[in-house]
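model the following, please.
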Amino acid sequence: YTSARIDNSLGPIPDFGPSEAESESPLGTGSGTGLGIRLGSGLLGSDYPCDGDTSGYNAVVQNKGGSWLASNGGRGVYSGDDMREAVQAGLESLTPDRSSQESVLVLGDGAIDATTRIHIHSNTLLNVCGTIEVTGSPAGDNAPAYA
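Numbers count the residues shown, from 1 in each chain. Reported below is the predicted structural model:
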């Protein structure tokens with residue numbers, strides 16, 4: 001799996017140069033502020049490995065044979081076939097208006113319609129260990145995730 005960390009409190013995003021996965025990805029890396037997305041091994045590989053270990057995450061979202069399950073602290077918050085809804089449920093299960101970072105781990109591959117988006121609140125780390133396929137045609141300037 002390629003690991004993607006989406007963290008909307010990164011500040012300036014250093015350019016690590018493209019890895020093999022990044023050279024084929026529309027997300028890539030770059031410079032700027034705000035929402036940060038880092039792919040490949042870099043810092044993320046050691047800090048947040050995609051080794052199946054869910055300890056340390058507040059919420060976990062998993063694709064189990066085409067069915068998505070989201071839980072927080074052992075409490076189920078979503079079960080169904082929609083990746084976007086599962087990830088959003090995991091994110092919404094975090095503490096509202098938090099002042100410290102909480103995290104969601106997504107395990108597995110899935111698809112999100114190009115006309116929908118995942119909303120990531122402040123102080124949130126989203127680690128995707130898998131592939132998000134964006135399907136369909138977007139309606140305007142849309143991204144699969146926004147902060």
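
what number of residues lie near residue 95?
Close neighbours of residue 95, defined as other CB atoms under 10 Å, add up to 12. (C-beta placed from N, C-alpha, C; glycine too.)

residue contacts, it?
Residues counted as contacts of residue 95 (CB atoms under 8 Å, 6 or more residues apart in numbering) are residue 102.

secondary structure class for it?
Put simply, residue 95 is coil when judged by DSSP: H, G, I helix; E, B strand; the rest coil.

leaving out the residues flanking it, which one is nearest to residue 58?
residue 102 (4.4 Å; CB to CB, 6 or more residues apart in numbering).

any idea how far residue 111 is from that neighbour?
26 Å (CB to CB, to the nearest Å).

which residues of the chain score low on pLDDT?
1-46 (pLDDT under 70).

show me the helices in it, by range?
Counting by DSSP state H, the chain has helices at residues 20-23, 42-47, 83-92.

helices or strands up against the longest one?
Going back to what we said before, that points to helix 83-92. Under the contact definition 3 or more CB pairs under 8 Å, 6 or more residues apart in numbering; DSSP states H and E, helix 83-92 sits against strand 59-64, strand 67-72, strand 75-80, strand 102-107, strand 110-113, strand 118-119, strand 124-129.
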